[in-house]
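Asks: 3D model of this:
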Amino acid sequence: MKKTLLLRIIFVLFLMPLFSIAQTTQTQPATDSESDIKYPTFQFKGLIQARYLESFEDDVDVLGAHHSTGNVTQSSFDIKRMRVGLNTKLSKETEVVILVNLADFKSDTKGKVLENAYGKYTFNKYIALTGGQFRPAFGIEELVPVDIIKSFDFSNQYYEFGKNGWTSFQIGASATGAFDVGKIPVDYAFSVLNGNGKNAEMDKDNGKQFSTRWVLGLSKKHEINLGLNGGFGKVFKEDVFAIGADITSDFKLTDKLSFDLQIEYKQGTNHNLYFSLPVASRTPDVADYQMRGIYFLPNFRYVVDYNKLTSLEISCRYERFDPSYKVDSNLRQTYTPMVSLEFGKAYRGRIEAGFQIDRFDQNVPDTTTYDNNLFLIQLQLRL
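Replies: You can find the predicted model right below:
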């Protein structure tokens, strides 16, 4: 009874006002091109990321794991992602999105392969409702596909917050939209999630995780956006939380040279770590186990437009992440310098080369918590 009442209160406080806006706002008349569209429409998407990896750290393999025996694989070819997706528009307002990663078949597929599987109904620009398995908005990286990010992969904090139910692919529902406050454009998102990752048969407990994201457009000229994130919930009857702030900008230095910067900070309860520890070896309070991290990602882009080569990009992400800074702290610093050659528009083709350099305050033998110098060359093709 209490749960039903809580959900009703949340619905009234957050969603009903948005429905009111949607109902009172006049629908824009369809243009000739819109009226000529025959539904349903289908758009197929694909992505392959093939890589060559080489570890330059003694006794550390290409996956970052230390081996005290010294018998390690220090060079290897790999397929990071082989994605196939389908976007179906059932009508102007309704769409269904499916995305699978076939590269997950190279290992245990439990909880893998299926990534996006959701339906979305857009009333207007003020509100759209999404339900199913999707990436909830809770930071910069959640809103950007991995194939157009300015580094080899997402940050360490993205994956750790994903294990704790705030980012990456989650099952639940979300309301998103945009409006203006004076001259400032605002994007928002409210999400309610199971919080136990993708492809789970059911929620691991009766608790849910509630999160929100707000993005304020501070400068249209330099594309400066400020993002604020917050969330709370219950996991196995324990209170958990997460907060974050981020800023993005894009400066055009010359006609061909531009500079963009991403800065993102996150902090929250690491309940995934807490419940993975034996009861005897952890403190009684889950709030003692908190993760936090920050990264800086500067990127220079030079437009070439020579034959098939579209642009040259140089970036270097620096990240500090600690999975439990209050208890048994072990700070991880990661440097990821990268050079990227773009072929075609929107990263249709891309060749990347660089390093991932990890440094821990304390190395733990025979684990992935160990200093590493990894060289990567990655070929990316997308459609």
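
Asks: Which parts of the stretch 101-250 of the chain are helices?
Replies: Using DSSP state H, counting those that start in this stretch, the helices of the stretch 101-250 of the chain run over residues 156-163.

Asks: Lowest average confidence across helices and strands of this protein, where is it?
Replies: Among the helices and strands of the chain, helix 16-24 carries the lowest confidence by mean pLDDT, DSSP states H and E, at a mean of 43.

Asks: and residue 273, which of the three is it?
Replies: Secondary structure, DSSP: H, G, I helix; E, B strand; the rest coil: residue 273 is helix.

Asks: Make sure it is actually in contact with residue 289.
Replies: Yes - assessed by CB atoms under 8 Å, residue 273 is found in contact with residue 289 at 5.5 Å. C-beta coordinates here come from the backbone N, C-alpha and C atoms, glycine included.

Asks: any idea how far residue 138 is from residue 244?
Replies: Distance, residue 138 to residue 244, by CB to CB, to the nearest Å: 7 Å.

Asks: Please identify every residue contacting each of those two.
Replies: residue 229 (CB atoms under 8 Å, 6 or more residues apart in numbering).

Asks: neighbour count winner among the two?
Replies: residue 138 (31 against 26; other CB atoms under 10 Å).

Asks: Can you give me the separation between the more buried one and residue 182?
Replies: Applying CB to CB to residue 138 and residue 182 gives a distance of 26 Å.

Asks: most residues in a single strand of this protein, which one?
Replies: For the chain, the strand that runs over the most residues, judged by DSSP state E, is strand 290-306.

Asks: got the buried residues for stretch 154-167?
Replies: Neighbour-count burial for stretch 154-167 flags 154-158, 160-167 (criterion: 16 or more other CB atoms under 10 Å).

Asks: go on, stretch 310-322?
Replies: 310-313, 315-317, 319-322.

Asks: low-confidence ranges in the stretch 1-150 of the chain?
Replies: Low-confidence segments of the stretch 1-150 of the chain (pLDDT under 70): 1-35.

Asks: Okay, strands next: where are they in it?
Replies: Secondary structure of the stretch 1-150 of the chain (DSSP state E, counting those that start in this stretch): strands at 41-55, 75-89, 94-101, 114-124, 127-134.

Asks: The third one relative to strand 41-55, how many degrees between them?
Replies: Using axes from the mean of the first three to the mean of the last three CA atoms, to 10 degrees, the direction of strand 94-101 lies 30 degrees away from that of strand 41-55.

Asks: same question, the fourth one
Replies: Regarding strand 114-124 and strand 41-55, their directions subtend 140 degrees when assessed with the same axes, to 10 degrees.

Asks: chain center to strand 114-124: distance?
Replies: Chain-centre distance of strand 114-124: 16 Å, with CA atoms, centre = their mean, to the nearest Å.

Asks: same deal with the second one?
Replies: Taking CA atoms, centre = their mean, one finds strand 75-89 lying 16 Å from the centre of the chain it belongs to.

Asks: Name the residues of it that are buried.
Replies: Residues of strand 75-89 classed as buried: 80-83, 85, 87 (neighbour count, 16+ other CB under 10 Å).

Asks: and residue 65, what does it touch?
Replies: With CB under 8 Å, 6+ apart, residue 65 has these contacts: 72, 366-368, 370.

Asks: Spatially nearest residue to the residue positioned nearest the centre of the chain, not counting backbone neighbours?
Replies: Residue closest to the average C-alpha location in the chain (CA atoms, centre = their mean): residue 142, at 3.0 Å. Nearest in space to residue 142, with sequence neighbours left out and distances taken as CB to CB, 6 or more residues apart in numbering, is residue 135 at 5.0 Å.

Asks: Residue 92 versus the one you found, what's the distance?
Replies: Residue 135 is 23 Å from residue 92, by CB to CB.

Asks: The two: who's more crowded?
Replies: residue 135 (22 against 13).

Asks: quick one: contacts for the more buried one?
Replies: Residue 135 neighbours (CB under 8 Å, 6+ apart): 116, 142-143, 167-170.

Asks: from memory residue 225 sits against residue 214, does it?
Replies: No - counting by CB under 8 Å, residue 225 does not reach residue 214; the two are 10.5 Å apart.

Asks: who has more neighbours, these two?
Replies: residue 225 (20 against 15).

Asks: Does the residue lying closest to the more buried one once chain neighbours are set aside have any beta-bridge partners, and if so which?
Replies: Excluding the flanking residues, the one nearest residue 225 by CB to CB, 6+ apart is residue 248, at 5.0 Å. Listed beta-bridge partners, residue 248: residue 225, residue 262 (assigned using DSSP bridges).

Asks: Check residue 213 too.
Replies: Assigned bridge partners for residue 213, using DSSP bridges, are residue 189, residue 229.

Asks: What about it, how many residues nearby?
Replies: So residue 213, with other CB under 10 Å, has 25 neighbours.

Asks: how far away is it from residue 181?
Replies: Residue 213 is 16 Å from residue 181, by CB to CB.
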